[in-house]
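> Here's my sequence, what's the structure:
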Amino acid sequence: MEVEYPQTTAILHDLDVNAGNSADDENVDVEKPGDSDGEEAFKGGWSSAIYIMWSEIAERFAQYGISSNLMLYLTKELHESLVDAAETFYAYVGFSALLPLLGAFVADSYTGRYMAVVYSSLIYIVGVLTLTVSVGFVSEPYKKVSFFISLYIVVLAQAGFRPCIQALAADQFNEDNEKQKRAKNSFFNWWFFGIAAGASAAAVVVSYIQVAFNWWIGFLIVAISMILAFLLFIAGSKLYQVQIPKGSPWTAIVQVLVAAFRKRRITPIDGTEQEVFNTGPQEALSPTNQYKFLDKATIIDEIDKSSEVQNPWRLCTVTQTEEVKMLLRLLPVWLSTLMFFVVIVQPHAFFVQQAAAMDRKILAFTITPVAFIVSVGLFVIITVPLYDWGFVPLARKITNIPSGITVLQRIGTGLVISILDMVVAAMVEARRLQVARDHGLDDEPKAEVPMNVLWLLPQCIILGIADIFGIVGVQQFFYEQIPDGMKSIGSAVYLSALGVGSLLSHVLVSTVAGIFPHWLTNNLNASRLDNFYWLVSGLSIIWLGFFLIVSNSYVYKKPAGAAPH
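Residues are numbered from 1 along each chain as shown. Alright, predicted model coming up:
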């Protein structure tokens, strides 16, 4: 159910009152964006989503302002070893990507997405302010402890902010309205555009200020950015369409599993349509033919007929059962995208190392390795308008699909392009190693190979294209295909894939270093990073085959009465 939140005056008090309203309250007026003919009554759509998007851009600026130079701060300022700093960094990235699953559960079950963003934003601000103080004004021996406490306050805040902000923005578009549905397809493209813009700006501006001027000034800019994100979010509150949480969605899921198990011995009567529990007009989903063993939870047996009150642990609705099926269908898709995210994290690991070992002079400027990798984000910024205004309309004319291609086709395209990226990266690295050998630099780990860093540009451009297809596709897929009461969890599932992909990358590097120690050494000029890239591309091809099998059998979410996808 959706309700309108009050004006921003006394916002926190009023919103807490509204958040406590029952989802079953029949006196609450519900208005979806695009339902009303009157323009003044219109809520939601881009008019409200734009506030949320600007808030996300500011938050991404803050987040990347912290992470872009984190390794450097840990080693240079906190004097951690390279191994310890790497472990700290991986832990930060991992918790940031996996904890949103918990935050999403709390939001969907209890607080609602709006209040989750409000609360987590306030915690976020506290975290970045204390981070600034710990960096600039706390001396040893407390500096390191205060820094890590502040850092994990930020991680805690991200657990609530990251899964809810995108889901709340997507909630502003009503899929029952064709114009709004088309706008929603564009929304995911422009959302990623905003993320790329905020992250790229932080990687250039904040990282430069931290190194060239002072660390605490850079973190202060991060804190100001997060305060701005909160103010932008609150500014649009009166326009938002907000869904009230209906309690834990996991209870209904467990009820289906229990009911299906209790009726496991029931078999359909041949030639007779089995009587099932269907609540009529409230049913939102049509039955599907997958995982039919769960359908037994909807069959009305003699015990159900004789009961005055239906036992939800014995009898479930068709929609309840279909929602459990949806979750089961999502798991193979999630697994099939993990290798894609292994590719996605490579710029933050080895692309930077390659750039550092090459000639970085472009015209009269010498750029930093991190600044060059920003080209991935910059290319995303350039390409999103081309995709949304060029590719989608053209593809729509051919396929008659509002988004041009299906979401799974978009993800599959991203997977194919990511494989191409690893192939190109392997070929470029092989060329770089050959140049190093030709100039006798293979035994000099700190030497810059006389090969311009622009040779890395093709793999950065290709990766940017893979991002536009793959990452945006995964975000949209899990938001749209998750049950309606679990939209925040849908956003968190994407983040968890990113987190697990990062961990898989770490495991892969450790395994390769153990089996083929000469592939990845401290001397990149004597390593065989190209072989590692070939390995990743080979594994990605295997994962692509798995994805094709999964996507070919996938049954899209189908509302009751809708035609098959």
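> wait, what's in contact with the closest residue to I417 other than its chain neighbours?
For I417, ignoring the flanking residues on the chain, the nearest one in space by CB to CB, 6 or more residues apart in numbering is A466 at 4.1 Å. From N, CA and C alone the C-beta is placed, and that goes for glycine too. A466 makes contact with F340, V343, I344, G414, I417, S418, D421, according to CB atoms under 8 Å, 6 or more residues apart in numbering.
> The same query, at a cut-off of 10 Å, please.
The contact partners of A466, taken as CB atoms under 10 Å, 6 or more residues apart in numbering, are 340, 343-344, 376, 413-422.
> from those residues, which would you call buried?
Buried members of those, scored by 16 or more other CB atoms under 10 Å, are 340, 343-344, 376, 413-422.
> mind checking how far the residue nearest to I417 is from E175?
A466 is 27 Å from E175, where distance means CB to CB, to the nearest Å.
> again with T88
42 Å.
> Just want to know which of the two has more residues nearby.
T88 (18 against 15; other CB atoms under 10 Å).
> now the more buried one, nearest residue through space, not along the chain?
T88 sits nearest to L74 (CB to CB, 6+ apart), 5.7 Å away.
> Over to V258?
W313 is the one closest to V258 (CB to CB, 6+ apart), at 5.2 Å.
> Am I right that the one you found sits in a helix?
No - with DSSP: H, G, I helix; E, B strand; the rest coil as the criterion, W313 is located in coil rather than a helix.
> Show me the domain layout of this protein.
The record's domain split for the chain, according to automatic domain parsing, is 1-247, 249-323, 337-555.
> distance of the most far-flung residue of the chain relative to its centre from T317?
Note on the chain: the largest C-alpha distance from the chain mean falls to S306, namely 47.6 Å (CA atoms, centre = their mean). Separation of S306 from T317 (CB to CB): 19 Å.
> mind listing the helices for the stretch 201-350 of the chain?
Using DSSP state H, counting those that start in this stretch, the helices found in the stretch 201-350 of the chain span residues 215-235, 249-262, 302-306, 318-336, 338-344, 346.
> Columns distance to F105 and mean pLDDT on top of those, output as JSON lines?
Output for the helices of the stretch 201-350 of the chain, formatted as JSON lines (distance: least, CB to CB, whole Å; pLDDT from 0 to 100):
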{"stretch": "helix 215-235", "distance to F105": "21", "mean pLDDT": "91"}
{"stretch": "helix 249-262", "distance to F105": "8", "mean pLDDT": "88"}
{"stretch": "helix 302-306", "distance to F105": "31", "mean pLDDT": "82"}
{"stretch": "helix 318-336", "distance to F105": "13", "mean pLDDT": "91"}
{"stretch": "helix 338-344", "distance to F105": "21", "mean pLDDT": "91"}
{"stretch": "helix 346", "distance to F105": "31", "mean pLDDT": "78"}
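> which of the ones you listed sits most buried?
Most buried of the helices of the stretch 201-350 of the chain by mean neighbour count (mean count of other CB atoms under 10 Å) is helix 338-344; its value is a mean of 25.
> Pull that one out as CSV, backbone CA atoms only.
The C-alpha coordinates for helix 338-344 follow below in CSV (Å, rounded to 0.1, in the frame of the first residue of the first chain):
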residue,chain,number,x,y,z
LEU,A,338,29.0,-13.6,-9.9
MET,A,339,31.8,-14.0,-12.4
PHE,A,340,30.7,-10.8,-14.1
PHE,A,341,31.3,-9.0,-10.9
VAL,A,342,34.8,-10.5,-10.6
VAL,A,343,35.5,-8.7,-13.9
ILE,A,344,33.9,-5.5,-12.7
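> For that helix, name the packing helices and strands.
With contacts taken as 3 or more CB pairs under 10 Å, 6 or more residues apart in numbering; DSSP states H and E, helix 338-344 sits against helix 407-438, helix 457-466, helix 472-481, helix 487-515, helix 529-553.
> worst average pLDDT in the ones you listed?
Lowest mean pLDDT of the helices and strands packed on helix 338-344: helix 487-515, a mean of 84.
> Any idea how far that helix is from the middle of the chain?
With CA atoms, centre = their mean, to the nearest Å as the basis, helix 487-515 stands 12 Å off its chain's centre.
> between that helix and helix 249-262, how big is the angle?
80 degrees (axes from the mean of the first three to the mean of the last three CA atoms, to 10 degrees).
> Buried ones in helix 487-515, by neighbour count?
Per 16+ other CB under 10 Å, helix 487-515 contains these buried residues: 487-506, 508-509, 512.
> Now do the contacts for F365.
F365 touches A371, counting by CB under 10 Å, 6+ apart.
> If we use 8 Å, what do you get?
Counting by CB under 8 Å, 6+ apart, F365 has no contacts.
> wait, what's in contact with V204?
Counting by CB under 8 Å, 6+ apart, the residues that V204 touches are A371, V374.
> er, K144 I mean
L78.
> Go ahead and list the helix or strand containing it.
helix 143-170 (DSSP states H and E).
> So what's the gap between stretch 197-216 and the chain middle?
23 Å.
> same deal with stretch 341-349?
15 Å.
> and what of stretch 179-193?
For stretch 179-193, the distance to the chain centre is 15 Å (CA atoms, centre = their mean).
> what do you get for stretch 64-71?
19 Å.
> just checking, Y124 touches S225?
No - using CB atoms under 8 Å, Y124 is not in contact with S225; the gap is 10.3 Å.
> Quick check: neighbours shared by the two?
Shared contacts of Y124 and S225, counting by CB under 8 Å, 6+ apart, come down to E59, A62.
> May I have stretch 177-190 exported as PDB, CA atoms only?
Only the C-alpha atoms of stretch 177-190 are listed here, as PDB (Å, rounded to 0.1, in the frame of the first residue of the first chain):
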ATOM      1  CA  ASN A 177       0.600   3.500 -16.400                       C
ATOM      2  CA  GLU A 178       2.400   2.900 -19.800                       C
ATOM      3  CA  LYS A 179       4.100   6.300 -19.700                       C
ATOM      4  CA  GLN A 180       5.300   5.800 -16.200                       C
ATOM      5  CA  LYS A 181       6.400   2.200 -17.000                       C
ATOM      6  CA  ARG A 182       8.600   3.600 -19.900                       C
ATOM      7  CA  ALA A 183      10.000   6.300 -17.600                       C
ATOM      8  CA  LYS A 184      10.900   3.600 -15.000                       C
ATOM      9  CA  ASN A 185      12.900   1.700 -17.600                       C
ATOM     10  CA  SER A 186      14.900   4.900 -18.300                       C
ATOM     11  CA  PHE A 187      15.200   5.500 -14.500                       C
ATOM     12  CA  PHE A 188      17.600   2.700 -13.900                       C
ATOM     13  CA  ASN A 189      19.900   4.000 -16.700                       C
ATOM     14  CA  TRP A 190      20.000   7.500 -15.300                       C
END
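> For that stretch, buried residues please.
Those would be N177, Q180, R182, A183, K184, N185, S186, F187, F188, N189, W190, for stretch 177-190 by 16+ other CB under 10 Å.
> got it, and stretch 544-560?
Neighbour-count burial for stretch 544-560 [16+ other CB under 10 Å]: L544, F547, V550, S551, Y554, V555, Y556, K557, A560.
> Mind pulling up the pLDDT for the last one?
A560 carries a pLDDT value of 58.
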